[in-house]
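# sequence first, predicted model second:
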Amino acid sequence: MKNRYSIPLILIAIMVILNILARFCHPFADFYVNNIFPYISTAVSFVTGLLPFSLGEMLTLGAVILVIIGLPIFLLLLIFRKGKRKRTAAYVGTLVLWILCYVTTTETMNCFIMYQCTPLAERYFPDTHEHADDEIIALHDMLVKKCNELAKKVPRDEHNRFKLTCDFQTEAKKAMKRAGKTYTQLNGFYPDAKPIQFSFFMSQTYTTGIYLPYTIEANFNDDMVRTNLPFTVCHELSHLKGIIQEDEANFLAYIATTGSDNVEFQYAGYLEALEYVDNALYENNMYDLAIEHELSEEVLNDWYRFLPENYWEENADKEIIPTEAVSEATNTFLDTNIKMNGREEGIRTYNLIVQLLLDYYYP
């Protein structure tokens, strides 16, 4: 009985020490990500990649069911097993402690330590500077030109909208490996990204993809418009290589998709970047300054598309919890989690891809 408690408590204590060490010693975090995590990630993602479903999603679902069903059963046992209450509590306490140990260990080893690595900008753009307004306007102009050009080359449906026809799993892995020639952390094995079965819940959170550290799986929202897949899958696959910061994962997804030899991936990458830069101009009251090149009709048909038409009406019966409440709770959780790991920008780190794009194009 002592070992049941002592072993998980010792492991949790070790994880706490590793988190503190990584927070105050960036070289340790860098060493771990470059020399240890690749072996863990490759081994675990290879095994979980053999499964046709997301193991992480099933574990999450199992945890929810365990709480909903297990807690009432536990209370009933305490009421009716009067002579064995201490023993029952001991077994349940052991189970909870081991679950906590598993979550703490996998989150630390496969996520939290990576937050403390030397930022990608410091590694690849050491001479970066504060960017002038004309640079972001020029960046926007370049992205508009690229999107207008590529929009005419990609397949389109009967509504004149971009239609993804390529094998996105194969193309994503090829694109990531090609990007790995410059950004060497991206080298190595890649499993297929997994569709989430309960994608409606992801849609309620307005999430396109998710990385699950406790099984090292890249997952995507299977309900969203398919043209989001190239950028989303590359973003999530970058997490498997220890790129945990959301702005850095966005940037490397851009590098991978736009550097692909597949025109559909190229267009998807430029279009996603254009949306981020477009939002940045709007937030900084610079939008009027950037309308030098107008978007083509094809691009206007394609951008800012997340879910299919009439999605909410067709899936109204799936809404157990109001979408607004789910979205707000998710945003609060993500914002808090990112801030706790040292990024004061919180959920806004996704938008900081614009800063990295400026560093990349105007070093």
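All right, it came through fine.
# tell me the contacts of Thr108?
Shown in contact with Thr108 (CB atoms under 8 Å, 6 or more residues apart in numbering): 15, 18-19. (C-beta placed from N, C-alpha, C; glycine too.)
# would you confirm that it belongs to a strand?
No - counting by DSSP: H, G, I helix; E, B strand; the rest coil, Thr108 falls outside a strand, being helix.
# about what we covered before: could you single out the nearest of the contacts of Thr108 to Ile79?
Of all the contacts of Thr108, Ile79 sits closest to Met15, with 35.3 Å by CB to CB.
# right, and that closest one touches Thr106 too?
No - when contacts are counted by CB atoms under 8 Å, Met15 is not listed as touching Thr106 (9.4 Å).
# thinking again about what came up before, from the contacts of Thr108, pick the one nearest Phe80.
Nearest to Phe80 among the contacts of Thr108, with distances taken as CB to CB, is Met15, at 37.0 Å.
# contacts only, for His239.
Residues in contact with His239 (CB under 8 Å, 6+ apart) are 211, 218, 249.
# out of the residues you listed, which sit inside strands?
211, 218 (DSSP state E).
# and the worst-scoring helix or strand of the chain on mean pLDDT, what does it pack against?
Sorting the helices and strands of the chain by mean pLDDT, DSSP states H and E puts helix 323-340 at the bottom, at a mean of 76. With contacts taken as 3 or more CB pairs under 8 Å, 6 or more residues apart in numbering; DSSP states H and E, helix 323-340 sits against helix 199-204.
# tell me how the protein divides into domains.
2-116, 120-361 (automatic domain parsing).
# tell me which of the ones you listed sits most buried.
Of all those, domain 120-361 has the most neighbours on average by mean count of other CB atoms under 10 Å, namely a mean of 18.
# show the end-to-end separation of it, please.
End-to-end distance for domain 120-361, by CA to CA, to the nearest Å: 15 Å.
# just say helix, strand or coil for the nearest residue to Glu297 once chain neighbours are set aside.
Distances taken as CB to CB, 6 or more residues apart in numbering put Asn160 closest to Glu297, at 7.4 Å, once the chain neighbours are dropped. At Asn160 the chain is in coil, as set by three-state DSSP.
# likewise the one 5 residues further on?
Following three-state DSSP, Thr165 is assigned to coil.
# you'd agree it is up against Asp157?
No - taking contacts as CB under 8 Å, Thr165 lies outside contact range of Asp157: 10.1 Å.
# strands of the stretch 201-350 of the chain, start to end?
Secondary structure of the stretch 201-350 of the chain by DSSP state E, counting those that start in this stretch: the strands cover 209-212, 217-221.
# just to revisit the earlier point, restrict the least confident helix or strand of the chain to CA atoms and write it as PDB.
The C-alpha trace of helix 323-340 is given here as PDB (Å, rounded to 0.1, in the frame of the first residue of the first chain):
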ATOM      1  CA  THR A 323     -21.700  26.900 -28.000                       C
ATOM      2  CA  GLU A 324     -21.000  30.300 -26.500                       C
ATOM      3  CA  ALA A 325     -20.400  28.700 -23.100                       C
ATOM      4  CA  VAL A 326     -18.100  26.000 -24.500                       C
ATOM      5  CA  SER A 327     -16.100  28.600 -26.600                       C
ATOM      6  CA  GLU A 328     -15.700  31.000 -23.600                       C
ATOM      7  CA  ALA A 329     -14.600  28.200 -21.300                       C
ATOM      8  CA  THR A 330     -12.100  26.800 -23.800                       C
ATOM      9  CA  ASN A 331     -10.600  30.300 -24.500                       C
ATOM     10  CA  THR A 332     -10.200  30.900 -20.800                       C
ATOM     11  CA  PHE A 333      -8.500  27.500 -20.300                       C
ATOM     12  CA  LEU A 334      -6.100  28.000 -23.200                       C
ATOM     13  CA  ASP A 335      -5.300  31.500 -22.200                       C
ATOM     14  CA  THR A 336      -4.600  30.500 -18.600                       C
ATOM     15  CA  ASN A 337      -2.500  27.500 -19.700                       C
ATOM     16  CA  ILE A 338      -0.300  29.500 -22.100                       C
ATOM     17  CA  LYS A 339       0.200  32.300 -19.500                       C
ATOM     18  CA  MET A 340       1.100  29.700 -16.800                       C
END
